[in-house]
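Trainee: Return atomic coordinates for the entry below.
(one chain, ligands or ions: 1)
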Amino acid sequence: MNLKNIISSLPSYPHKIMNVFSGTNSFDEFKQVLKALLFDKDIVASKNNSKYIKTLQNKFNAHHVYTFASGRMGFYTILKSLGIKKGDEIIITSYTCVVVPNAIIYTGAKPIYCDINKLDFNIDVNKIEALITTKTKAIYAQHTFGQMCDIDAIKQIANKYNLPVIEDVALSLGAKTNQSYAGTIGDFGYFSTDRTKIINTSVGGFVFVNNQKYLENFETIYQNISYLDKSFTKKLAITFLIDLLMMHPNMYWLGKFTNPLFRKFGIIKYFLDEQKHNKSDITEYPYPAKFSSILALVGISQINNLENNLTHRKKLAKYYNDILQIYPESYINSEKNVFLRYSFLVKNRDYWQKKFSSKIDLSIWFTTIAQGKNSNFEEIHYTVGQNQTSEFVAKRIFNLPTHQKIDPTKIKKLLLELKNSKDIIKCH
Ligand SMILES: Cc1ncc(COP(=O)(O)O)c(C=O)c1O
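Mentor: Numbering: from 1, shown residues only. Take a look at the predicted model:
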């Protein structure tokens, strides 16, 4: 059997299917990481080589920036610096990722879930006050899918009860209101740079401490946080390289199969603690841990390209919206929205997801409350039925990626079909 016959006998798969992961990385970043991995022995021992981390920190226009191995670890450190402990309560949105309540639970405290609104999928600010008790220790302001929440209203409530505000900017790096960037308005802001976010360093996150009052405590705790060990750091760098190659639109037909195998055999690594509701169950890496120097190389390049990245995302959101006509132009043009995804609600989600899946691997976000959790919600202190709008949205959310490797023309026909079907649920 010659090679041609072997290949033609392989199962067919829709080639050039588009994948939704960040897709913002360049071949130059690939070369930098590979070179560092091969020739710079110190770089994986992050402690000995912090120069890239310092350069990265200086790229942010903020005074007090601290880098972490992931966003969730940054959030956990914020909570520890506030002295959050057993018996305390933190008000969060129920429309989030499970790693958020997990971080709260790891401190011994309890997440209290506030419902969202259908307009921008952010916390319903009219429902926050009713949840405040003497146990409440902070209010969480998550900017979902790239769209800023009503941070001014949240700050007003927090001020009234003398509570700190923690901004979650994991999904919304670059969004701003009245010249202030998301993440610089609350007492703390934290960000994620994992492969699904606005910028991609494979895994990573950082924290802004905006209120001087909390700085000393945070600094003391941060000093005692360790780095990931050499072997884990190396694996993260290898993961970045493999993902960049195999998640490429022209390679994804292969990557879709090889990446789960690489993951199974421990060649590629992410932080997979979504199902761990006890901190002591996380044994493979320290939680929290600091960011790695080798990935900081990527972070620097990603920040340098941030303006282009954001411009492109806006352009794609406009493209989708011109066809689907879901949002008013003011929503699309608003500087408050950086469109990590172009998100909206549909009836018959399963039907549309199946249709689009021949062209694009959608991996729709948050299809349950606390994404990543599909059952046993009591483990994260949520009662099913508690927040009806969050549950309604989770069942109907549809979101389209906006990164630089997405070719929206490939789904134009489907978008038109969806538009004409009248299955879109308009909330504006
Ligand atoms: C809304 C939200 N907040 C926080 C995080 C945590 O970020 P990381 O994955 O870097 O820990 C995520 C992760 O996807 C998220 O979706």
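Trainee: neighbouring contacts of the one helix or strand E219 maps to?
Mentor: Per DSSP states H and E, E219 falls inside helix 215-223. Around helix 215-223, the neighbours that count as contacts under Cβ atoms under 8 Å, 6 or more residues apart in numbering are H64, Y66, T77, I78, K80, S81, L82, G83, V207, V209. Using the backbone N, CA and C atoms, a C-beta is placed for each residue, glycine as well.
Trainee: which ones are touching the residue nearest to A170 when sequence neighbours are not counted?
Mentor: Once flanking residues are discounted, A170 sits nearest to S192: 3.7 Å by Cβ to Cβ, 6 or more residues apart in numbering. By Cβ under 8 Å, 6+ apart, the contact set of S192 is S70, G71, R72, A170, L171, G204, G205.
Trainee: Provide the contact partners of the next helix or strand after the helix holding E219 at residue level.
Mentor: Of the helices and strands lying after helix 215-223 in sequence (DSSP H and E), the nearest is helix 230-246. By Cβ under 8 Å, 6+ apart, the residues outside helix 230-246 that reach it are 21, 25, 29-30, 33-34, 36-37, 44-46, 195, 201-203, 227-228, 251-252, 254-255, 258-259, 262, 266-270, 284-285, 292, 294-295, 298.
Trainee: Whether helix 230-246 contacts the ligand - can you check?
Mentor: No. Shown here: helix 230-246 not in contact with the ligand (Cβ under 6 Å from any ligand atom), separated by at least 12.5 Å.
Trainee: Now do the buried residues in that helix.
Mentor: Going by neighbour count (16 or more other Cβ atoms under 10 Å), the buried part of helix 230-246 is 232-244, 246.
Trainee: quick revisit: which strand residues bridge the residue nearest to A170?
Mentor: Beta-bridge pairing for S192 (DSSP bridges): G205.
Trainee: Tell me how far it lies from the ligand.
Mentor: 3 Å (Cβ to the nearest ligand atom, to the nearest Å).
Trainee: quick one, strands of this structure?
Mentor: 18-19, 65-68, 89-93, 110-114, 136-142, 165-168, 176-177, 180-181, 188-192, 205-209, 341-346, 360-361, 397-401, 424-425 (DSSP state E).
Trainee: can you pull the contacts of Y287?
Mentor: Contacts of Y287 by Cβ under 8 Å, 6+ apart are M73, Y76, Y106, D273, K279.
Trainee: hmm, try it at 7 Å
Mentor: If you count contacts by Cβ atoms under 7 Å, 6 or more residues apart in numbering, Y287 has them with M73, D273, K279.
Trainee: OK, now which residue of the stretch 301-428 of the chain is nearest to the ligand?
Mentor: Q371 (6.9 Å; Cβ to the nearest ligand atom).
Trainee: So what's the residue count around that residue?
Mentor: 18 (other Cβ atoms under 10 Å).
Trainee: Identify the residue nearest it in space, chain neighbours excluded?
Mentor: C97 (4.9 Å).
Trainee: Do I have it right that the one you found meets I369?
Mentor: No. Assessed by Cβ atoms under 7 Å, C97 is found out of contact with I369, at 10.3 Å.
Trainee: neighbour count winner among those two?
Mentor: Each of C97 and I369 has its neighbours counted (other Cβ under 10 Å); I369 has more, 25 against 22.
Trainee: Would you agree that one is in contact with V393?
Mentor: No. Judged on Cβ under 7 Å, I369 makes no contact with V393 at a distance of 9.1 Å.
Trainee: shared neighbours of the two, which are they?
Mentor: When contacts are counted by Cβ under 7 Å, 6+ apart, I369 and V393 are jointly contacted by Y95.
Trainee: so where is this structure shaky, pLDDT-wise?
Mentor: 1-4, 6-15, 46-49 (pLDDT under 70).
Trainee: For stretch 177-184, measure first residue to last.
Mentor: 11 Å (Cα to Cα, to the nearest Å).
Trainee: Alongside the ligand, which residues does the chain contribute?
Mentor: 70-72, 96-97, 99-100, 142, 168, 170-171, 192, 194, 205.
Trainee: Take those residues and keep only those in helices.
Mentor: Judged by DSSP state H, the residues of the chain next to the ligand include G71, R72, V99, V100 as members of helices.
Trainee: which pair in those spans the largest distance?
Mentor: G71 and V100 (9.2 Å; Cβ to Cβ).
Trainee: higher neighbour count, the two?
Mentor: Taking neighbours as other Cβ under 10 Å, G71 and V100 compare with G71 leading, 28 against 24.
Trainee: got a list of what that one touches?
Mentor: Contacts of G71 (Cβ under 7 Å, 6+ apart): A170, Y190, F191, S192, G205.
Trainee: how about 6 Å then?
Mentor: A170, Y190, S192, G205 (Cβ atoms under 6 Å, 6 or more residues apart in numbering).
Trainee: same check, this time on L400
Mentor: Shown in contact with L400 (Cβ under 6 Å, 6+ apart): Y320, Y342.
Trainee: still on that earlier bit, can you pick the most crowded of the contacts of Y287?
Mentor: Counting neighbours by other Cβ under 10 Å, M73 leads the contacts of Y287 with 27 neighbours.
Trainee: okay but that one is in contact with P288, surely?
Mentor: Yes. Counting by Cβ atoms under 6 Å, M73 does reach P288; the two are 3.5 Å apart.
Trainee: Can you list the neighbours in contact with stretch 352-365?
Mentor: In contact with stretch 352-365 (Cβ under 6 Å, 6+ apart) are residues P14, I17, M18, N19, V20, V346, N399, K410, I411, L414.
Trainee: Going by neighbour count, which residues in the helix holding E219 are buried?
Mentor: F218, Y222.
Trainee: Setting aside sequence neighbours, what's the nearest residue to Y351?
Mentor: D423 is the one closest to Y351 (Cβ to Cβ, 6+ apart), at 8.0 Å.
Trainee: Appreciated, that's everything.
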